[in-house]
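[1] got a sequence here, can you build the structure:
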Amino acid sequence: MLLAATPLHAFPPAPFHTIYGDVRDEQGVLIPATGAAVVMHQGGVQRMREQLTAVTGANFNYQLRMRIDMNRSLTATYSSLVVSTASAYSLAIDIGGVLYHPIEIKAAPPAVGAPASRRRLDLTLGVDSDGDGLPDAWEEAQLYQAGYLPSEDGWDLSLIDRNGDFDKDGLSNWQEYIAGTYAGDANSTISMEIKEKVGENVRLETY
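    Alright, predicted model coming up:
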């Protein structure tokens, strides 16, 4: 007896792998959600594009949910948008039609994580000539504010690195970049205190 050939169907994708975080400009300011998007590429092909978000109460301003290929044998790819776990990808920020490549992606292109996992990946725009994760423009501004001037060879950016504490105020230079305080002024700092807790709501005071 002859059996009719059964066409092979692709399985649906595995649960999403999600990356999320903040996108900041070279001075540490969050990129406005309006008119900006995060673009994911693999092999020069655009796989995803998501507008920056402005979700009230969220601790991120972008989120990408990647469709993961289940890699079942004898099946076709479920969608042209699926990606494989451990495959490399790149990210760019589209602002007004111009693509900007974050410092973190230039230093080490990331790989797709496991299905159903989440990874925070904060993105920083600008030039980072010394490779410490802080934009040159911000480091130069901190040095100038602290009274340092460039020599004939330019700015000495080695004075400020990501994990150091240039002004010895207890906050790392990276924390000062995120907080918008001056890394060269010990009086420019930020503190947070819990003032009231009612049920699951907490009222914080920063100063």
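[2] contacts and neighbour counts: CA atoms only from here.
    OK.
[3] next structured bit after the lengthiest helix in the chain?
    Under DSSP state H, the helix in the chain containing the largest number of residues is helix 136-145. Going down the chain from helix 136-145, the next helix or strand is helix 173-179, by DSSP states H and E.
[4] if I look at the residue nearest to the spatial centre of the chain, how far off is Ala137?
    Computing the C-alpha centroid of the chain and ranking residues by C-alpha atoms, centre = their mean puts Asp122 first, at 2.4 Å. Relative to Ala137, Asp122 is positioned 18 Å away (C-alpha to C-alpha, to the nearest Å).
[5] which parts of this structure are strands?
    14-21, 23-24, 36-42, 45-51, 62-68, 90-95, 98-100, 118-120, 123-124, 192-198, 201-206 (DSSP state E).
[6] follow-up on the earlier one: using PDB, write out every CA atom in the longest helix of the chain.
    In PDB, the C-alpha atoms belonging to helix 136-145 read as follows (Å, rounded to 0.1, in the frame of the first residue of the first chain):
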ATOM      1  CA  ASP A 136      35.700  60.300  25.400                       C
ATOM      2  CA  ALA A 137      33.500  63.400  25.300                       C
ATOM      3  CA  TRP A 138      32.200  62.700  28.800                       C
ATOM      4  CA  GLU A 139      35.700  61.900  30.200                       C
ATOM      5  CA  GLU A 140      37.100  65.100  28.700                       C
ATOM      6  CA  ALA A 141      34.200  67.200  30.200                       C
ATOM      7  CA  GLN A 142      35.000  65.700  33.600                       C
ATOM      8  CA  LEU A 143      38.700  66.500  33.400                       C
ATOM      9  CA  TYR A 144      37.900  70.000  32.300                       C
ATOM     10  CA  GLN A 145      35.500  70.500  35.100                       C
END
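[7] perfect, that will be all.
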